[in-house]
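Colleague: Got a sequence here, can you model it:
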Amino acid sequence: MSDSSRYRVYGDMLSGNCYKIKLLMQFLNIPHDWVHVDILAGETRTATFLAKNANGKIPVLEIEGTHYLCESNAILNFLAEGTAFMPSDPFARAQVLQWQFFEQYSHEPYIAVARYINKYLGLPENRKEEYFAKHKGGYRALDVIEQHLAKQLFLVGETTSIADISLYAYTHVAHEGGFSLEAYPNIQRWLKSIEQVPNYCSMA
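Modeller: Prediction:
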């Protein structure tokens, strides 16, 4: 860990769950070291990595070389505490969590998994049925977001929060999982708004 940083992130920038962390850290100008982890090469299954996260998944946030925090939305909540990306009002904070749970249970299992099958695995024949089956649930999640954004600029309140970051990560690359956003003008507007936040960085 570099002298200027108390944080090291283990992840893959092409993973939406990891990109969430990178994006918030860029928005907040948080110094950090980034360690690329190749999941397809089995790097999350090594003894060294499993000592950091017994669940064998990325991202992992290492804090001052002694503490490890896993699960992307938990990391976002930790890093956003006391910043403009985390509301101070209790009800608004609960709404942030509501959208993060929605992302993990109603959005990511469809849009992210379809993208993984297509982009990471190359849409193998034995997973095509699963890939196409994911589209119904994915479009249902997009419908929910579209309807909500018809009433307000961002998911919670009138400024960007970690709720937006959580859902932006996989939504903005939904086309890589076979999802078209053409019929979702409110989502398209919302994506552009997030991309205008100072220090925005693209997934790369």
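Colleague: Outline the domain layout of the protein.
Modeller: Under the assignment automatic domain parsing, the domains of the chain span 7-80, 90-194.
Colleague: Now tabulate those domains in a markdown table and tack on distance to Tyr200 and mean neighbour count.
Modeller: Where you see a C-beta, it was placed from the backbone N, CA and C, and this is true even at glycine. Shown next, in a markdown table, are these (distance: least, CB to CB, whole Å; neighbours: other CB atoms under 10 Å):
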| stretch | distance to Tyr200 | mean neighbour count |
| --- | --- | --- |
| domain 7-80 | 7 | 17 |
| domain 90-194 | 7 | 17 |
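Colleague: These: which one's closest to Cys201?
Modeller: Using CB to CB as the measure, domain 7-80 is the one of the domains of the chain that comes nearest Cys201, at 4.6 Å.
Colleague: pLDDT (mean, whole number) over that closest one?
Modeller: Confidence over domain 7-80, taken as the mean pLDDT, stands at 97.
Colleague: coming back round to it: columns distance to Ser202 on top of the domains of the chain, output as a markdown table?
Modeller: Below are those laid out as a markdown table (distance: least, CB to CB, whole Å):
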| stretch | distance to Ser202 |
| --- | --- |
| domain 7-80 | 9 |
| domain 90-194 | 9 |
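Colleague: Tell me which of those lies nearest to Met203.
Modeller: Nearest of the domains of the chain to Met203, taken as CB to CB: domain 7-80 at 4.9 Å.
Colleague: Figure out the length between the terminal residues of that closest one.
Modeller: Taking CA to CA, to the nearest Å as the measure, domain 7-80 stretches 14 Å from start to finish.
Colleague: Helices of the protein, start to end?
Modeller: Taking DSSP state H as the test, the helices found in the chain are 16-27, 47-50, 72-80, 90-102, 113-115, 128-149, 162-171, 185-194.
Colleague: and the shortest one, what does it pack onto?
Modeller: Same thing as helix 113-115. Applying 3 or more CB pairs under 8 Å, 6 or more residues apart in numbering; DSSP states H and E, one finds that helix 113-115 contacts helix 128-149.
Colleague: so how far is the helix it packs on from its chain's centroid?
Modeller: The offset between the C-alpha centroid of helix 128-149 and the centroid of the whole chain comes to 16 Å, using CA atoms, centre = their mean, to the nearest Å.
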